[in-house]
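Enquirer: Just a sequence and a predicted model for now, questions to come.
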Amino acid sequence: MMLGGVPILSILIALPALGALLITVVRAVTVGSRDVEAGGVEGKASLMAGLILSVATFVASLVAFAAFQIDQDGYQLVEHRNWYGPISYKVGVDGLSFPLILLTTFLTPICLLASWHSIKTRVTEYVVAFLLLETFMIGVFVSLDLVLFYIFFEAGLIPMFLIVGIWGGKDRIYAAFKFFLYTLIGSLLMLVAIVYMIQVAGSADIEILETIAFAPAIQIWLWLAFTASFAVKLPMWPVHTWLPDAHVQAPTAGSVVLAGVLLKMGGYGFLRFSLPMFPDASAVFQPAMFVLAVIAILYTSLVAWRQTDMKKLIAYSSVAHMGFVTLGIFAFNETGVQGAMFQMLSHGLISGALFLIVGVVYDRTHTREIAAYGGLAGKMPVYAAFFMLFTMANVGLPGTSGFIGELLTMVGGFQAATWAAAGAALGVIFSAVYMLTLYRRTVFGEMTNPKLETMRDLTLIEWVCLAPLAILTILFGLAPNIIFNITGPATRRILDLMGGA
Amino acid sequence: MLPDPLLIFIVLAPGLAALTGLFHKFTGDRFVMVITTGTVMLAGVLSLYQLFAYAAGISTVVDAAHASLDAYLIAGADHAVVYAKPRVIELMPWIDVGTFHANWAIRIDALSIVMMAVITGVSGLVHLYSWGYMSEEPHKARFFSYLSLFTFMMLMLVVADNFIQLFFGWEGVGLASYLLIGFWYTKKAPNDASIKAFVTNRIGDFGLVLGIMAVYFMFQTVEFEPMLEAIRTNAIITPLAFAEPLPARESVLVFFGVRVYALELIGILLFIGAMGKSAQFFLHVWLPDAMEGPTPVSALIHAATMVTAGVYLVCLLSPVYEHTLYAAGMVTLVGAVTALYAATVGMAQNDIKRVIAYSTCSQLGYMFFAAGLGAYEAAMFHLFTHAFFKALLFLGAGSVIHGMHHEQDMRRMGGLARFMPWTYAAMLIGTIAIIGLGLPHTKIGFSGFFSKDAILESAYAGVSAEVMFAQVAFSLGLVAAFLTSFYSWRLIYMTFHGPHIGSSHHTVPAGGHHDESHEPHESPLVMLLPLGLLAIGAMAAGVYFYDVFVDSMNEAFWAGAIYRSEANHILHDRHEVPEWVLWAPLAVTLAGLLIATMTYYFNRGFGARLAASGGPLHALFANKWYFDEIYQATFVRGSALLGNLFWKADKQVIDAIGPDGIARFTKFGARRLSVLHSGYLYHYAFVIIGAALVFGAVIWLRLGAG
């Protein structure tokens, strides 16, 4: 069922990659092999081209969304071509994957725009890396074939590894390797499980795999292997330690896409694979997952409070907020799972925005030390207002999208285990502590650092990056049904598969 | 009752007005001030009209659809609890997930009518007052739009028809409070206080949010009406999981592995939320510090409206507390202890605003124990009268501070009656109202007399009805009434009487106030006008509303918005208490006045000598029973230590075993292996021969075995 015969999902996947190719070719033809370290004109041209392409991809995703029937629960816009034996090229979308695709195509132009002034070396390569990353991220969410999913899932590592390793900060090499090591080890275990599953089922088709009832004893091992990968991505405690390092070293846009989209692959993986395919094992591990979720929320919230680096604080806060996603998913009820989906989208907007917020002052002063700031409100009132909004969204103030996700995951969790919901609710106190402390130390108080005297308020580009995120954060907070109408049917289908298997 | 569009206007318009603050760069401060003040005052006039119209019985709340109330009035039966459904205007759906539904809505019943009048009435006057009080401040647009934002959030709270919108308003007023306490954002103290307020409230919200989850779990709804209806009728309810269907009042819930009565648990959890918002014992520590905010804010948020949200919540959920023993008992006990505790601390403070802050805390305690005992109407009545006289006292104190060029220490005041007679008169009226001066058996008295005595009489009636903690509440309430009188008069004497010390003692910061003289001066008309209007309320609100709130017409007035169980006759029984109970409050009040007069009027050095001699009791009171120090040493330091510990664990345990460990192991292994690559031929030959031998042996063994 394609869009009037047009393979819209394939176009969506290919568009950024083709763009990346085009930019590379054009650069090779016009500039040749000349050293372009200085950036300059061709850098801006590449950025502009990348921006146009990513906006085009966003528009294409909206076109695809127009063709998407939100009241149906199955996969739609499916394209299917046999490849080799059990493996095929099969793509399609449902209510779980589409919001994440839109999040991806929405955040990528913002990332490129946010890099306008901050990336000065190897700009063309940077744009190419970003566009490839977008292709792989979209690929992950549209894949309906296990092998295809795995390829996209792993391929995404490479551009991200390069973005951190090349355009990152001082300790970028350590951070990049840590990131790579963690995620790769998880993925290899998943690969073993995938090979086994294809052997048993005779197909890598996700729709077929959903109907296969693996023996409970086998499910345990498969579940563990998949979880090794998803838990690292999400990330869950205690395999979260790569995230703060990666965030701190990554350029601003890298952090935005890392927090905004890459982490969501973990939660998406649980919902797409672990719950429907290994329902018995998921039920067995429910208490363990709750324990890890609550530890993640409380532990990382306390750690976040003690940070002296703005980005590290927000990175730890991300881990805590992903704990709510784990809680909601493993509640196995509609409130919890929909809450988890919502929390993923909401966190994509809010943490993305917070990393941009840090980037704004980092671009001006080149430090992320909280102690170097203070009293910004006087010089940068608009910045202070945006920062306040996203601070409040991050602490889950009702009226912002942050509240809805936290509330529903807890309500869902309460039905499964009261202590888990209570533990998560305790984290809501801590989030207020660390976010308000951060805000107070950077924005309020006297301006004591003379270097800050010349700080200018938001530039036009920064406005354009932050305003859409702010609007969506409030819109989804006041009218979250926009999202629930999309995720509802697919959520109920996943839960039916769990019960039926 | 007002038509829908006007009700929607009252609730939403302050929110829209607040948004004008975003554009103050283009419009100027004055525009924002006019729009916010005008909007809120208009909303105030409408809401007050609605309250008066309703109270006067010309309201159409009892129209044909609600004929039940007429029937009730005719029957006039003792406890034929007739219930008029609240009118609900649904604005927009908010959250719909599975069976979880919450709408944006406006619920109109007696409770919300009273609250809307209090909120918009006081807020309108505070907006007006701020024109004068904040006249020399920069950032006026920001201030006024925060005030309007607060008003909007508070209205959303009281008109909610479900827990989620209530929570929206609940946290929203917390945000506004945070922003306004920290209004002077460059200073340390307001910043500290604002974070303390937000975080302490969050601790309460932890309970509130768990309570809401428990409500949804048990009742499968977060809307008030179906939930409360189930409790009123004791309907069979089926929880969502692992609990059996039972009548609502007896249903049980497994919480942390323990089977508990669901209503008790819900009642306690929701009350923890109320304790945070209303600054009750254990969670009260933020309120005195909140005085770092501008004084109009203290009057509006930290006296008249926001801090009463907890009382409102308990009254709204009267069916829950009517059918619980321990939850209601907890409300009573915490309220009574707070009433006394805050009064003891209030006696020993020297900052004029802090005295009034502790007084607020104490009065909220009265409201809570009244509600806990089952006298919800008396609690709401005291909430209502308190809003007038406490806002009056705060705005009066603001006038003093304004006139004294930002001096707040009462030890540097004295003799101000001469300089600011109008403020003095207003403060006197407020003081007479708060100590509850009035003649029993007559309707002569200021507003506090009617509401506080209704509470104390109900408490005594509760003693004979054997209501839990009624004896404690009555005793502590009586002692607190004595202390209230003492500290209130102490404030008056220290501030307005005796010799004026003059401003020679304190230096005016350069570029501060631009008055020619540093003599205290009376405040401008724009500040005195709100004082006058509130003074009228402080004098007359009690006598005017006594009948409808707590006496002959109270059941018709509340029309089921407040529910009482069959067994609860407390409000009726209070008319049958012994004679001495009626006179006791007056006696202790006069005693307090007498002692204050002797020590602070005739013997002005007494307070200073007492403080200097430093008795342990004085130290305990002056240091607020050391709550801040204890919390700092335990919770704050404990969390910080834990945070540091976990942070270290990340690096030194998880990383050391995880990625760094693997890297080190690989590196180490590679180095060991590389030792083998020695470069000597005989080494390699030895290995090859050895390997060939082993390999050959294995093959030979296997073949032989096969």
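Expert: Perfect, thanks for sending it.

Enquirer: Close to chain A: what parts of the stretch 151-300 of chain B are there?
Expert: The interface of the stretch 151-300 of chain B toward chain A, taken as C-beta under 8 Å from any C-beta of the partner chain, is made up of B:164, B:167-168, B:171-172, B:175, B:178, B:182, B:185-186, B:188, B:191, B:194-195, B:198-199, B:202-203, B:205-206, B:209-210, B:213-214, B:216-217, B:240-241, B:253-257. Any C-beta I mention is one placed from the backbone N, CA and C, and that applies to glycine too.

Enquirer: Can you select the buried ones from the residues you listed in ChimeraX?
Expert: Buried residues within these, as defined by 16 or more other C-beta atoms under 10 Å in any protein chain shown, are selected in ChimeraX through the command that follows:
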select /B:164,167,168,171,172,175,178,182,185,191,194,195,198,199,202,203,205,206,209,210,213,214,216,217,240,253,255
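
Enquirer: In strands, which of the residues of the stretch 151-300 of chain B next to chain A fall?
Expert: B:253, B:254, B:255 (DSSP state E).

Enquirer: between those residues, which is nearest residue B:336?
Expert: Minimum distance to residue B:336 across these is 26.7 Å, recorded for residue B:255 (C-beta to C-beta).

Enquirer: Residue B:289 - nearest residue in space that isn't next to it in sequence?
Expert: For residue B:289, the nearest residue in space outside its immediate sequence neighbours is residue B:193; the separation is 3.9 Å by C-beta to C-beta, 6 or more residues apart in numbering or on different chains.

Enquirer: what does the stretch 451-600 of chain B have sitting close to chain A?
Expert: If contact is defined as C-beta under 8 Å from any C-beta, none of the residues of the stretch 451-600 of chain B are in contact with chain A.

Enquirer: residue boundaries of the strands in the chain?
Expert: I'll assume chain A. Assignment of strands within chain A using DSSP E yields the ranges A:76-84, A:87-93.

Enquirer: I was after chain B.
Expert: Shown for chain B, the strands assigned by DSSP E span residues B:87-97, B:100-108, B:236-237, B:246-247, B:252-255, B:258-261, B:438-439, B:444-445.

Enquirer: out of these, deepest packed?
Expert: When you average the neighbours per residue for each of these (mean count of other C-beta atoms under 10 Å in any protein chain shown), strand B:100-108 leads with a mean of 21.

Enquirer: ok now that one, how far from the chain's centre?
Expert: Remark: strand B:100-108 is offset 22 Å from the chain centroid, using C-alpha atoms, centre = their mean, to the nearest Å.

Enquirer: Report the angle between that strand and strand B:87-97.
Expert: Here strand B:100-108 points in a direction 160 degrees away from that of strand B:87-97 (axes from the mean of the first three to the mean of the last three C-alpha atoms, to 10 degrees).

Enquirer: what does strand B:100-108 rub up against?
Expert: The list of residues contacting strand B:100-108 from outside it, by C-beta atoms under 8 Å, 6 or more residues apart in numbering or on different chains, reads A:335, A:408, A:411, B:1, B:7-8, B:11, B:61, B:86-95, B:159-165, B:216, B:221-224.
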